[in-house]
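Q: Turn this into a structure:
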Amino acid sequence: MEYAKQKLSEEKVFKDPVHRYVHVRDQVIWDLIGTKEFQRLRRIRQLGTTYLVFHGAEHSRFNHSLGVYEVVRRIVDNVFHGRPEWNEEERLLVLCAALLHDLGHGPFSHAFENVFKTDHEYFTRQILLGDTEVNAVLKRVSEDFPEKVAQVIEKTYENQLVVSLISSQIDADRMDYLQRDAYYTGVSYGHFDMERILRVMRPRKGKVVIKSSGMHAVEDYIMSRYQMYLQVYFHPVSRSAEVLLNNILKRTKDLYEQGYQFAVEPVHFKSFFENNITVEDYIELDEYLLVTYFKSWMKEKDPILSDLSARFVNRKLFKYTNLNPEEEPGRFERLKELFEKAGVDTDYYIYHDCTSDLPYDYYEPDKETDKFPIFLEMPNGEIRELSQESFIVDAIAGRMKKDHKVYYPKEVLMDPNLDPALKAEIEKLLNNSGR
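A: Numbering: from 1, shown residues only. So this is what the prediction gives:
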């Protein structure tokens, strides 16, 4: 039998806390799950440093990827199946893209990418198309199948209906991670009626639409996402841990370039320092390996690397204040000057961080965007963009939410030898935020 159509002799089932079960019937999907590149995702946390705030957030990109696959499987097998607008020949393609969409994420994704200027989307493509076990499985379907999967993930695939299932403003990716992250962090914000949304989804030419009768379920989904970003994804303490991660990696890179002799040589980072990264080098890295290095570097002779590593491992995080250097450049620069007088290296111990999110982006015909808006199908068959019908969504559509923080080591202010006048001025600047 043709490999693409091969079914397992018995359905495999993963018990899942969010979707109850993840069903695998296709041999291709089962073989992809077994590859070393996909198994590596067990060692990459879905929420990076958030486990240092919400202690239950230990879930991985492995179980998120299975969840996205399961949501797409339900859509194409239960909702779209048999509808004339849906091409059954693209079923396996979208299932593979859903399963593999996060394949290129590195350890503690954002901090890692920030220091080494890597791009997880680029490495997803390299893993799909390179000399990997994943590529070998996909090529058994057809020679051009790996490229097609890459195109769906990159949003360049010809049939945008397929793309929108895993990359739009109401896609399987978001529907899984909101619920999964809410479950593992223990918050109530990310819950919404996914079953209702799936029931009212319809395939149309080039896009997915939602029956207008399901609009209120979609409003609930949009607000759930908005609240999750404010309460979980933008959490200032989690961002403090990311600042430490960023500065550990930055210090390691700076020391390497200075010719510093490490007690524990960062051999797994050399290609990243020298900007000649191979797919093999990239796949070798996971969060287990990074934390092992951090524990070793706690004993390094370099006091900055040692201190930053110990802070991360033992959760001695930086404190923060609300401060936007773009609006208050004088205050920020003066704060840095004062910390330098107090003996702090501001290259590694004072850090400005800004997070931003657009809860929902409505459609503007003359504006280029890769965000598919959410479309409602009215009872008369007319297609309307969501914010045209929903007062709730219209109220937040197109409004960018930004949050600025400056992070610093509070221990400096507890030093009994610190000049009292210097301490008083620092505290005044820190407390001038109204927080």
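Q: Can you list the residue ranges for strands in the stretch 201-350 of the chain?
A: Ranges of strands within the stretch 201-350 of the chain are 201-204, 207-211, 319-321, based on DSSP state E, counting those that start in this stretch.
Q: wait, which of the ones you listed is closest to S309?
A: Across the strands of the stretch 201-350 of the chain, S309 has its closest neighbour in strand 319-321 (18.8 Å, CB to CB). Every residue, glycine included, has its C-beta placed from N, CA and C.
Q: what mean pLDDT does the closest one have?
A: Across strand 319-321, pLDDT averages out at 96.
Q: what does stretch 352-364 give?
A: 78.
Q: List of residues touching that stretch?
A: Residues from elsewhere that reach stretch 352-364, judged by CB atoms under 8 Å, 6 or more residues apart in numbering: 169, 222, 225-226, 229, 233-234, 239, 242-243, 323-325, 332, 369, 371, 373-374, 385-387, 393-394, 396-407.
Q: any chance of the strands of the stretch 201-350 of the chain in a markdown table, with mean neighbour count too?
A: A markdown table is the format used below for the strands of the stretch 201-350 of the chain (neighbours: other CB atoms under 10 Å):
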| stretch | mean neighbour count |
| --- | --- |
| strand 201-204 | 18 |
| strand 207-211 | 19 |
| strand 319-321 | 19 |
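Q: Where does pLDDT dip in this protein?
A: Where the chain drops to pLDDT under 70, the residues are 1, 362-371, 433-435.
Q: domain parsing for it?
A: Domain assignment for the chain by automatic domain parsing gives 3-233, 237-355+403-433.
Q: Now the longest helix along the chain - C-alpha only, PDB.
A: Looking across the chain with DSSP state H, the single longest helix is helix 236-258. What follows is helix 236-258, C-alpha atoms only, in PDB (Å, rounded to 0.1, in the frame of the first residue of the first chain):
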ATOM      1  CA  PRO A 236       7.000  40.300  35.100                       C
ATOM      2  CA  VAL A 237       8.600  37.600  37.300                       C
ATOM      3  CA  SER A 238       8.900  35.100  34.400                       C
ATOM      4  CA  ARG A 239      10.400  37.900  32.300                       C
ATOM      5  CA  SER A 240      12.900  38.400  35.100                       C
ATOM      6  CA  ALA A 241      14.100  34.800  34.700                       C
ATOM      7  CA  GLU A 242      14.300  35.400  30.900                       C
ATOM      8  CA  VAL A 243      16.500  38.500  31.700                       C
ATOM      9  CA  LEU A 244      18.900  36.200  33.700                       C
ATOM     10  CA  LEU A 245      19.000  33.700  30.900                       C
ATOM     11  CA  ASN A 246      19.700  36.300  28.300                       C
ATOM     12  CA  ASN A 247      22.500  37.700  30.400                       C
ATOM     13  CA  ILE A 248      24.100  34.300  31.200                       C
ATOM     14  CA  LEU A 249      24.300  33.500  27.500                       C
ATOM     15  CA  LYS A 250      25.500  37.000  26.700                       C
ATOM     16  CA  ARG A 251      28.200  36.800  29.400                       C
ATOM     17  CA  THR A 252      29.300  33.400  28.100                       C
ATOM     18  CA  LYS A 253      29.500  34.700  24.600                       C
ATOM     19  CA  ASP A 254      31.500  37.800  25.600                       C
ATOM     20  CA  LEU A 255      33.900  35.700  27.700                       C
ATOM     21  CA  TYR A 256      34.400  33.300  24.800                       C
ATOM     22  CA  GLU A 257      35.300  36.200  22.500                       C
ATOM     23  CA  GLN A 258      37.700  37.600  25.000                       C
END
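Q: Can you work out which other helices and strands pack against that helix?
A: The helices and strands touching helix 236-258, judged by 3 or more CB pairs under 8 Å, 6 or more residues apart in numbering; DSSP states H and E, are helix 109-116, helix 270-273, helix 287-297, helix 303-313, strand 319-321, helix 346-349, strand 351-357, strand 401-408.
Q: Distance to E427 added to these, as a markdown table?
A: Converted to a markdown table, the helices and strands packed on helix 236-258 look like this (distance: least, CB to CB, whole Å):
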| stretch | distance to E427 |
| --- | --- |
| helix 109-116 | 29 |
| helix 270-273 | 38 |
| helix 287-297 | 31 |
| helix 303-313 | 21 |
| strand 319-321 | 10 |
| helix 346-349 | 16 |
| strand 351-357 | 19 |
| strand 401-408 | 11 |
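Q: Quick one: closest of those to A57.
A: helix 287-297 (12.9 Å).
Q: CA atoms only for that closest one, dumped as PDB, please.
A: Output in PDB follows, covering the C-alpha atoms of helix 287-297 (Å, rounded to 0.1, in the frame of the first residue of the first chain):
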ATOM      1  CA  GLU A 287      17.000  22.800  28.200                       C
ATOM      2  CA  TYR A 288      18.400  19.800  30.100                       C
ATOM      3  CA  LEU A 289      21.800  20.600  28.600                       C
ATOM      4  CA  LEU A 290      21.600  24.300  29.300                       C
ATOM      5  CA  VAL A 291      20.700  23.900  33.000                       C
ATOM      6  CA  THR A 292      23.600  21.400  33.300                       C
ATOM      7  CA  TYR A 293      26.000  24.100  32.000                       C
ATOM      8  CA  PHE A 294      24.400  26.700  34.300                       C
ATOM      9  CA  LYS A 295      25.000  24.500  37.400                       C
ATOM     10  CA  SER A 296      28.600  24.000  36.300                       C
ATOM     11  CA  TRP A 297      29.100  27.700  35.700                       C
END
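Q: Could you give me the buried positions within it?
A: Within helix 287-297, the residues that qualify as buried are E287, L290, Y293, F294, W297, counting by 16 or more other CB atoms under 10 Å.
Q: need the longest strand for the protein.
A: strand 7-16 (DSSP state E).
Q: Next, the angle strand 7-16 makes with the next helix or strand after it.
A: Heading C-terminal from strand 7-16, the first helix or strand you meet, by DSSP states H and E, is strand 20-26. Here strand 20-26 runs at an angle of 160 degrees relative to strand 7-16 (axes from the mean of the first three to the mean of the last three CA atoms, to 10 degrees).
Q: And the next helix or strand after strand 20-26, what does it pack against?
A: Downstream of strand 20-26, the next assigned helix or strand under DSSP H and E is helix 27-33. Packing partners of helix 27-33 (3+ CB pairs under 8 Å, 6+ apart): strand 7-16, helix 91-100, helix 133-139.
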